[in-house]
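Undergrad: Following is a predicted model, sequence given first.
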Amino acid sequence: MILIWYPEPKVFFPLFPLMTSTSSSTFALCMATLSNVHHFNTPISLKFNDKNFLVWKQQVLATLRGLGLMHYLDGNNMPSEFLQSQNNQSLENPAYSNYHKQDQLLVAWLLASMSFSLLTKMVGL
């Protein structure tokens with residue numbers, strides 16, 4: 001077993017190499033997936049409420065532009081969930097899995113920046 005230290009969050013991920021000729025490409029794919037997902041370490045300095053939308057929005061947009069994540073707000077460049085293999089089998093697309101992880105981290109970060117009164121209105125969305 002190989003342990004990979006990933007600095008954000010500070011954890012070790014076990015990586016079990018596959019016993020095939022594609023082990024190095026599988027390893028590279030795992031590393032790319034880990035490094036492409038951004039964990040939001042910087043909270044927005046104020047909680048979004050019914051009186052401060054423009055200031056909150058400015059902080060959110062500046063952060064997302066700086067991290068190159070604006071396309072998550074409009075859904076552009078979303079990869080397909082499945083890929084077709086050479087023998088016409090549907091395979092899970094690793095790019096979609098990565099996109100979905102990043103999307104959910106973004107949702108959690110945005111929800112954490114909202115006041116309780118607004119958060120209750122977001123349940124189920």
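TA: Cool, got the structure.
Undergrad: Give me the number of neighbouring residues for Phe48.
TA: Phe48 has 21 neighbours, counted by other C-beta atoms under 10 Å. For every residue, glycine as well, the C-beta is placed using N, CA and C.
Undergrad: contacting residues for it?
TA: Trp56, Ser113, Met114, Ser115, Leu118 (C-beta atoms under 8 Å, 6 or more residues apart in numbering).
Undergrad: any idea which element the closest residue to it other than its chain neighbours lies in?
TA: Excluding the flanking residues, the one nearest Phe48 by C-beta to C-beta, 6 or more residues apart in numbering is Trp56, at 4.2 Å. For Trp56, the host element (DSSP states H and E) is helix 53-67.
Undergrad: Name the next helix or strand downstream of that helix, please.
TA: Next helix or strand after helix 53-67 toward the C-terminus (DSSP H and E): helix 71-74.
Undergrad: Per-residue pLDDT of Leu118, please?
TA: We have a pLDDT of 93 for Leu118.
Undergrad: Next, give phi and psi for it.
TA: Dihedral pair for Leu118: phi -80, psi -30, per degrees, to the nearest 10.
Undergrad: residues contacting it?
TA: Phe48, Asn49, Asp50.
Undergrad: and the gap between the residue lying farthest from the centre of the chain and Pro94?
TA: In the chain, counting by C-alpha atoms, centre = their mean, Asn87 sits farthest out from the average C-alpha position, at 30.6 Å. According to C-beta to C-beta, to the nearest Å, Asn87 stands 19 Å off from Pro94.
Undergrad: So for Ser80, what's the nearest residue that isn't a sequence neighbour?
TA: Closest residue to Ser80 apart from its sequence neighbours, by C-beta to C-beta, 6+ apart: Asn93 at 5.8 Å.
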